[in-house]
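J.: Please find the sequence and the predicted model below.
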Amino acid sequence: MSHTHAHVEIRREDYTPPDYLIETVELRFELDAETTLVSSRLALHANPDRVGRAPELRLDGEELKLISLQLDGVELAPERYRVEEKHLVIPDPPERFILEAVTEISPARNTALSGLYVSGPMLCTQCEAEGFRRITYFLDRPDVMAVYRVTLVAPKSKAPVLLANGNRIETGELPDGRHYATWLDPFKKPSYLFAVVAGDLVALNDRFTTMSGRKINLELYVEQKNLGKCDHAMASLKRAMRWDEEKFGREYDLDTYMIVAVDDFNMGAMENKGLNVFNSRYVLASPETATDDDYQAIEEVIGHEYFHNWTGNRITCRDWFQLSLKEGLTIYRDQEFSADMQSRPVKRITDVRLLRSSQFAEDAGPLAHPVRPDAYLEINNFYSMTVYHKGGEVIRMLATLLGPDGFRKGMDLYFERHDGQAVRVDEFVQAMADAGGRDLGQFMRWYDQAGTPVLTVTDHYDAATRSYQLIVEQSCPATPNQPEKKPFHLPLAMGLLDRQGRELPLRLSGETGGDSRSRVLELREAQETFTFTGVPEKPVPSLLRNYSAPVKLRYDYTEEELVLLMTHDSDPFVRWEAGQVRAGQVILDLVADRQQGRGMALEDSFVAAFRTLLTDAKQDRAFLAEALTLPAESYLAEQMEVIDPDAIFEAREFVRATLGTRLAAEFQQTRAACAPSGPYRPDDGLSGCRRLRNLCLSYLMAPGSQPAIDAAFGQFRSADNMTDSIGALMPLAGCDCPERGEALRMFYEKWKGDRGVVDKWFTLQATSRLPGTLSEVIALLDHPDFEFTNPNRVRSLVGAFSQSNQVRFHDASGAGYRFLADQILKLNTINPQIAARMVTPFSRWRRFDAKRQEMMKKELERILAEPGLAKDVYEIAAKSV
Ligand code: 0A1
Ligand code: ZN
């Protein structure tokens, strides 16, 4: 097979400044779903900083029909320009000129959801990363920043609301029932932050008074039927605005902040200047339709997009290789915001869980790339766990190394130096280095080297000298194009416990005084030894407190030591982690037993430790729920040489069922103790209680006894909120009992008009571990509510099955693989971005047994052989195979 695809690789080292700059942009949209006319007027001039003379102007453009073109007011003769497939080229333009173009586009045919497209009753745009070129010819790159003035024209009946970035400066009526609005965004911005929205929408309005006393209008636009589901998003926005003022001294800059909720959206949300566009799942919530987790996610994403106003918009990226400059930093900011709004330890635990289950897998496979990648075919493929979440961990390490005051000083310096600019990661790290008076040269390796470092820790206690040595070795596995790695500079937060679980003073040899109980060791070498003095007995090391670096930690703890850490460490993350390590050992031992045909039996000591935890009334319930949740199948898989999805599933289920049986009384008691005492409120502080209660139910359901089924069905029928409804329906959906079908039917009947809830209904079925799941999923493709054109719906069924149902997706027959490849090929022509994201499960093929490897590879090859394969899909499939 020949892979002669003419896809051009873009390389970081090839960056050159733009030959031309654009000072102002005037756009006029004659909006219509079938055919929209876009008239643009660009004020261009040769870039004084360009490399060499500017020979020609190459504007980006895709799927555009050029209607007319004028230079300095004169129609351009055909020999003075060229229309290529993806460019408009003007070979010899003047130094400074006005270019006017009229292009025609079709929003209704734009199923890729990039550029201007139709979603329900509106037209909206998505321009990051390279969608603006699907609207008009432009220098569509983030280091070209301009002031935009935009006029929208549309029939008033179809689109009573006309929105764009910035301030509305003029509105008026036009003949034939049309109207218009003109918007001016006074802030220079890159084209990827451009947005317009037009449609039949209503707004929830509110006000925010900034720290300097300015009044900001807050407007949240939704379809009429959703107006009652906006309060939480609005309240979250106000909390985010206040938080950024208090924590970072950052105030909002425009007079209006608008958010629009759309049903068809490729990602979570988009930070367009003054006009965020959100996937409606991160806006709409009511107690009946949204779970506690949904409420939480809304607050987080609202915060994320708001925080981008300073980290992304005011200071943006010079080029797309710098994506983590805005994304890693903004993830860190939204994590800290959420941590301040809820339980900080629980937030940290959920963030680490996500990182280790998804980012670690990415970093260990053929798609591994540095936080700042070196090359790409399609930038949309690099909105990755690595760029976002590992990028966030890198910022967190800087905050740990510099301390809160140093980090804040660094942020202030970064804003002071670079406001209004498009910069690189280097400028950010330099600001941190300068503010903290530190050399962060070695730290930059976190941006350049891919792969998850491994810290191997050993120790030695010398009773005679009362000294304790901690020997830390670091290494990092090879990743694509990076066979050899240099050591990282990283913070290792730690403490030492005596055998009673009391914290010991931490004095390194050579130090006087200083007997803190928790400290940060800085690692820089492949191997380092830290010697603590005045240590009265052999301690138990508490390592990587608060998960101070995104690494894999290896230290040979005994069961007894893990229990000591679980019950006594002062750091909640370490307490949780000790339990996870212990549970992981137990399950992986059972996996080995099962693989070797031995019977499975659960150690009494494990059950006893679980009982102690479960009945510990002092524990915070949200934390307890985390501590009682077993490591995920995907995380366990990561730790196996050759992944055995069946054995992992069976061993884990065996543990759940055994605990459910042997601790039935305790689970029932805890569940009863967490029963609601009044009607549900999302912010009643009881979400931890609900989580624990639903976790108890799932353990009770694991052995599949009728009383447990009755309890679940009872909870399902009486629930006054989605958290408890799903909490009961999830275990029911995984149970081979008559109540299952009954409950799923009732749920659908009740919620069939609600997109968000119907997504949940698809996902519940796609993630059921019952053996017949794949057939059900295939049947659901023909359900009247299934749509290939809606990304949320595709994710809820195809994505959920292939990414969150390891045992059924990896069915030994290969049927799961064939199913996924079929759907990818269908999506390839509809929405390449979504199609590409669906390929990732195949990228892990090397981790499985020979038979599965072969079957997965065959599907990848089938995908690669498809004529007209989108660049997005090609890149992921080609790198994977
Ligand atoms: N910048 C957004 C994410 C985003 C990226 C690409 C999109 O379309 C292809 C849409 C949104 C964020 O970080 O929230
Ligand atoms: Zn972002």
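T.: Arrived safely, thanks for sending. Note that this is a predicted model, so its numbers are computed, not measured. Ligands and ions are numbered 1, 2, ... in the order given.

J.: Wait, a strand at residue 855?
T.: No: under DSSP: H, G, I helix; E, B strand; the rest coil, residue 855 sits outside any strand and is assigned helix.

J.: Who are the contact partners of it?
T.: Residues in contact with residue 855, defined by Cβ atoms under 8 Å, 6 or more residues apart in numbering, are 814, 817. (Each C-beta comes from the backbone N, C-alpha and C, glycine too.)

J.: Residue 367 too?
T.: Neighbouring residues of residue 367 by Cβ under 8 Å, 6+ apart: 384, 840, 843, 876, 879, 880.

J.: Only the buried residues of stretch 850-858, if you could.
T.: 852, 855, 856, 857, 858 (16 or more other Cβ atoms under 10 Å).

J.: Which one of these is nearest to ligand 1?
T.: Nearest to ligand 1 among those: residue 856, at 26.8 Å, using Cβ to the nearest ligand atom.

J.: so the closest one touches residue 848, yeah?
T.: Yes: with contact defined as Cβ atoms under 8 Å, residue 856 reaches residue 848; the gap is 7.0 Å.

J.: and this protein, what are its domains?
T.: Domain assignment of the chain by automatic domain parsing yields the ranges 1-199, 752-881.

J.: and the shortest one, how far from the chain's centre?
T.: Spelled out, it's domain 752-881. Domain 752-881 sits 19 Å away from the centroid of its parent chain (Cα atoms, centre = their mean, to the nearest Å).

J.: Then the longest one?
T.: Domain 1-199 sits 28 Å away from the centroid of its parent chain (Cα atoms, centre = their mean).

J.: any idea where the strands of the stretch 301-450 of the chain begin and end?
T.: 316-317, 375-376, 422-423 (DSSP state E, counting those that start in this stretch).

J.: Against which helices or strands is the second one packed?
T.: Contacting strand 375-376 under the criterion 3 or more Cβ pairs under 8 Å, 6 or more residues apart in numbering; DSSP states H and E are the following elements: strand 10-11.

J.: Count the residues that sit near residue 295.
T.: Residue 295 has 21 neighbours, counted by other Cβ atoms under 10 Å.

J.: And it, how far from ligand 1?
T.: 18 Å (Cβ to the nearest ligand atom, to the nearest Å).

J.: Report the contact partners of the closest residue to residue 481 other than its chain neighbours.
T.: Once flanking residues are discounted, residue 481 sits nearest to residue 374: 7.3 Å by Cβ to Cβ, 6 or more residues apart in numbering. Residues in contact with residue 374 (Cβ under 8 Å, 6+ apart) are 11, 12, 13, 321, 481.

J.: Repeat that for residue 571.
T.: Per Cβ under 8 Å, 6+ apart, neighbours of residue 571: 493, 495, 518, 542, 545, 546.

J.: do that again at 10 Å, thanks
T.: By Cβ atoms under 10 Å, 6 or more residues apart in numbering, residue 571 lies in contact with 345, 348, 493-495, 503, 518, 542-548, 565, 577.

J.: again, but for residue 613
T.: 566, 567, 575, 579, 619, 624, 627, 628, 666.

J.: Double-check that the fourth one belongs to a helix.
T.: Yes: inclusion of residue 579 in a helix is indicated when three-state DSSP is applied.

J.: Quick check: it vs ligand 1, distance?
T.: 33 Å.

J.: isn't that residue right next to residue 610, touching?
T.: Yes: when contacts are counted by Cβ atoms under 10 Å, residue 579 is listed as touching residue 610 (8.9 Å).

J.: which residues are common contacts for these two?
T.: 627, 628, 630.

J.: Count the residues that sit near residue 866.
T.: The number of residues near residue 866, taken as other Cβ under 10 Å, comes to 16.

J.: Chain neighbours aside, what residue packs nearest to it?
T.: residue 825 (5.7 Å).

J.: hmm, back to that, out of the buried residues of stretch 850-858, flag the one nearest to residue 488.
T.: Of all these, residue 856 has the smallest distance to residue 488: 32.1 Å, by Cβ to Cβ.

J.: wait, what's in contact with residue 396?
T.: Listed by Cβ under 10 Å, 6+ apart, the contact set of residue 396 reads 328, 331-332, 335-336, 348, 351, 407, 491, 546-550.

J.: Which of these fall in helices?
T.: 328, 331, 332, 335, 336, 348, 351, 407 (DSSP state H).

J.: Which members of the residues you listed are the farthest-apart pair?
T.: Greatest spacing in the ones in helices among the contacts of residue 396, by Cβ to Cβ: 351 and 407 (17.7 Å).

J.: elements contacting the host helix or strand of residue 622?
T.: Assessed by DSSP states H and E, residue 622 sits inside helix 621-627. Judged by 3 or more Cβ pairs under 10 Å, 6 or more residues apart in numbering; DSSP states H and E, the packing partners of helix 621-627 are helix 344-354, helix 572-595, helix 604-614, helix 664-673, helix 687-701.

J.: pLDDT on the next helix or strand after it, on average?
T.: Per DSSP H and E, the first helix or strand lying C-terminal to helix 621-627 is helix 633-638. Helix 633-638 carries an average pLDDT of 95.

J.: Same question for stretch 375-393.
T.: Stretch 375-393 comes out with an average pLDDT of 98.

J.: Name the nearest residue to residue 251, sequence neighbours excluded.
T.: residue 210 (4.7 Å).

J.: Check residue 525 too.
T.: residue 487 (5.6 Å).

J.: and what of residue 682?
T.: The shortest distance from residue 682 to any non-neighbouring residue, by Cβ to Cβ, 6+ apart, is to residue 295 (4.5 Å).

J.: Can you tell me the element that neighbour falls in?
T.: helix 292-307.

J.: can you check residue 183 too?
T.: strand 178-190.

J.: Pairing partners for that strand, with directions?
T.: Sheet pairing of strand 178-190 (DSSP bridges) gives strand 145-155 (antiparallel), strand 167-173 (antiparallel).

J.: Out of the ones you listed, which gets nearest to residue 401?
T.: Smallest distance to residue 401 across the strands paired with strand 178-190 (Cβ to Cβ): 31.8 Å, for strand 145-155.

J.: Can you report how many residues neighbour residue 344?
T.: 16.

J.: tell me the contacts of residue 22?
T.: By Cβ under 10 Å, 6+ apart, the neighbours of residue 22 are 42-45, 59, 99, 138-139, 144-148, 188, 191.

J.: confidence score at the closest residue to residue 658 other than its chain neighbours?
T.: Distance criterion Cβ to Cβ, 6+ apart; nearest residue to residue 658, sequence neighbours excluded, is residue 602 at 4.5 Å. Note for residue 602: predicted pLDDT of 97.

J.: contacting residues for residue 623?
T.: 343, 345, 346, 349, 572, 575, 576, 688, 692.

J.: Please report which of these has the highest neighbour count.
T.: residue 692 (26 neighbours).

J.: still on that earlier bit, ok, and which of the contacts of residue 396 reach ligand 2?
T.: The subset of these within reach of ligand 2, by Cβ under 5 Å from the ion, is empty.

J.: Tell me the residues on this protein that lie near ligand 2, please.
T.: So far as Cβ under 5 Å from the ion goes, the chain lies against ligand 2 at 327, 330.
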